[in-house]
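Student: structure of the sequence below:
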Amino acid sequence: MFVDHIRVLAKAGDGGHGIVSFRREKFVPRGGPDGGDGGDGGYVILKVCRNTDNLRAFAFNPKLLAGDGGHGQTYKRHGKKGKTFIGKVPPGTVVYQSNAADMAEAAELERSDGGVDLEPVIDLTDEGQEHILCIPGKGGKGNFHFRSSTNQAPEEVKLGTEGEQGVFYLELRRIADAGFVGFPNAGKSTLMGALSANKPKIGAYPFTTLKPSVGVVDFPGFQRCTIADIPGLIEGASENRGLGHEFLRHITRCHLLIFVIDMAGVDGREPIEDLQILRKEIKEYDEELAKFPWMIVANKMDLKKSEEQLAIFKSRFPKIDIVPISAQEETGLDELREMLMQKVGKKSDV
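Tutor: Numbering: from 1, shown residues only. I've put the predicted structure just below:
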């Protein structure tokens, strides 16, 4: 199960209460106050872990609950600190805070016409990066702190405070240098497998890809780039039609959009019309995304009519980089790798 957005409830631990206690021993029958302090509650923290690739763990347990602090004890002993909750998220997780007080209210607001107001909190992108979602409550003070020369047997204590609570929305946006955009069955998954070690499911039918995936393309000189493959778009994707609209968020971080076009028109489609529809859907989804640098990969050049269509395509878009390839036959890939290295290649970390 792939989960790339989810609503969660986070609750930091409450602070423990201070207690009223007096020292009573065999030879100290009238000892002074010795009530201990309560312990602080636990934090709720999100931590970026690159070994995690989606938010599935939160789907099984959407409540992020830290431990409460222990109450104070006799002999001025402090209560135990509450256990901190650390939720692991993949790089590229964006955190929003909801205006709802709890999960039930958030669900009700989503059903209503008003919807839920979401305020961006943080964008978690770096390995090991941490963010505190909720601050815990402080432990209270025992009666030992309230002793004085005029009040040697105080029964006053300070109670622990409540930890913060809130409803948050987690959204995963894949981090990749370039993103494949295309219609179902255009050959994006085949191309991903040919360029990288990522071997996605491939089939001769639409919507083989059901979730976004990221592959790494290695270049000479210890350079590399990452590419994201999302499920194919269809006309009306910006209006929540098809599967691709659910995953368009995953290419909003890319530095380059690669439109993979079936140049042979296997499904009876027109390549130029395909590109125009894809560009339109991208713009309607996010106008800023439509301004990103882009290029065209003319796929299925091993099939009939592809050369004729490519000539028309180049005359229509003379200023756009077009790389003819056959992902199935693995031809033209060297030229594509060279262009990718020029546009988004970067030094490897290893």
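Student: show me where the stretch 201-350 of the chain has strands.
Tutor: For the stretch 201-350 of the chain, applying DSSP state E, counting those that start in this stretch gives strands covering 213-219, 223-229, 256-262, 294-299, 322-324, 346-347.
Student: among those, which is nearest Leu55?
Tutor: For these, proximity to Leu55 was assessed by C-beta to C-beta; strand 213-219 is nearest, at 15.4 Å. Every C-beta, even on glycine, is put in place using the N, C-alpha and C of the backbone.
Student: what packs against the closest one?
Tutor: Here strand 213-219 touches helix 188-195, strand 223-229, helix 333-344, going by 3 or more C-beta pairs under 8 Å, 6 or more residues apart in numbering; DSSP states H and E.
Student: how about 10 Å then?
Tutor: In terms of contacts (3 or more C-beta pairs under 10 Å, 6 or more residues apart in numbering; DSSP states H and E), strand 213-219 is packed against strand 178-182, helix 188-195, strand 223-229, helix 333-344.
Student: okay if I get these as TSV plus mean pLDDT, mean neighbour count and distance to His5?
Tutor: As requested, the helices and strands packed on strand 213-219 are exported to TSV (pLDDT from 0 to 100; neighbours: other C-beta atoms under 10 Å; distance: least, C-beta to C-beta, whole Å):
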stretch	mean pLDDT	mean neighbour count	distance to His5
strand 178-182	91	27	18
helix 188-195	88	23	22
strand 223-229	89	23	16
helix 333-344	93	16	26
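Student: include distance to Phe58 when you put those into CSV, please.
Tutor: Output for the helices and strands packed on strand 213-219, formatted as CSV (distance: least, C-beta to C-beta, whole Å):
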stretch, distance to Phe58
strand 178-182, 25
helix 188-195, 27
strand 223-229, 22
helix 333-344, 31
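Student: of all the ones you listed, which one is nearest Leu9?
Tutor: Closest approach to Leu9 among the helices and strands packed on strand 213-219 is made by strand 223-229 (30.1 Å; C-beta to C-beta).
Student: the closest residue to Ala290 other than its chain neighbours - how many residues pack around it?
Tutor: Leaving aside its sequence neighbours, Ala290 sits nearest to Lys283 (C-beta to C-beta, 6 or more residues apart in numbering; 3.8 Å). Neighbour count of Lys283, defined by other C-beta atoms under 10 Å: 14.
Student: with Gln97 instead?
Tutor: 17.
Student: equivalent analysis for Thr252, please.
Tutor: When neighbours are counted by other C-beta under 10 Å, Thr252 registers 16.
Student: quick one, what contacts it?
Tutor: Gly92, Val94, Arg173, Arg174, Gly179, Tyr285, Asp286, Glu288, Leu289, Phe292 (C-beta atoms under 10 Å, 6 or more residues apart in numbering).
Student: swap the cut-off to 7 Å and go again
Tutor: Arg173, Asp286, Leu289 (C-beta atoms under 7 Å, 6 or more residues apart in numbering).
Student: now these as a markdown table including distance to Gly215?
Tutor: Formatted as a markdown table, the contacts of Thr252 follow (distance: C-beta to C-beta, whole Å):
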| residue | distance to Gly215 |
| --- | --- |
| Arg173 | 17 |
| Asp286 | 23 |
| Leu289 | 21 |
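Student: select only the buried ones of those in ChimeraX?
Tutor: Restricted to buried positions by 16 or more other C-beta atoms under 10 Å, the ChimeraX selection for the contacts of Thr252 reads:
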select :173,289
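Student: show me the contacts of Thr252 that map onto helices.
Tutor: Within those, no residue falls in helices by DSSP state H.
Student: pick the one among the contacts of Thr252 closest to Pro271.
Tutor: Looking across the contacts of Thr252 and measuring by C-beta to C-beta, the closest to Pro271 is Leu289, at 21.7 Å.
Student: state the distance from that closest one to Arg56.
Tutor: Using C-beta to C-beta, to the nearest Å, Leu289 is found at 26 Å from Arg56.
Student: now Cys49
Tutor: For Cys49, the distance to Arg56 equals 13 Å [C-beta to C-beta].
Student: neighbour count: those two, which is higher?
Tutor: Cys49 (16 against 13).
Student: excluding sequence neighbours, find me the nearest residue to the more buried one.
Tutor: Once flanking residues are discounted, Cys49 sits nearest to Lys88: 4.2 Å by C-beta to C-beta, 6+ apart.
Student: burial measure for that neighbour, as a count.
Tutor: Counted by other C-beta under 10 Å, the residues lying close to Lys88 total 16.
Student: return the residues in contact with it.
Tutor: Lys88 neighbours (C-beta under 7 Å, 6+ apart): Lys47, Cys49, Thr52.
Student: got it, and Glu330?
Tutor: Counting by C-beta under 7 Å, 6+ apart, Glu330 touches Ala194.
Student: could you check how far it is from Gly268?
Tutor: 26 Å.
Student: please apply the same query to Arg24.
Tutor: 92 Å.
Student: higher neighbour count, the two?
Tutor: Arg24 (11 against 5).
Student: now that one: closest residue in space, sequence neighbours ignored.
Tutor: Nearest one to Arg24, counting by C-beta to C-beta, 6+ apart, is Gly31 at 6.2 Å.
Student: can I take it that the residue nearest to Cys49 is in a strand?
Tutor: Yes: counting by DSSP: H, G, I helix; E, B strand; the rest coil, Lys88 falls inside a strand.
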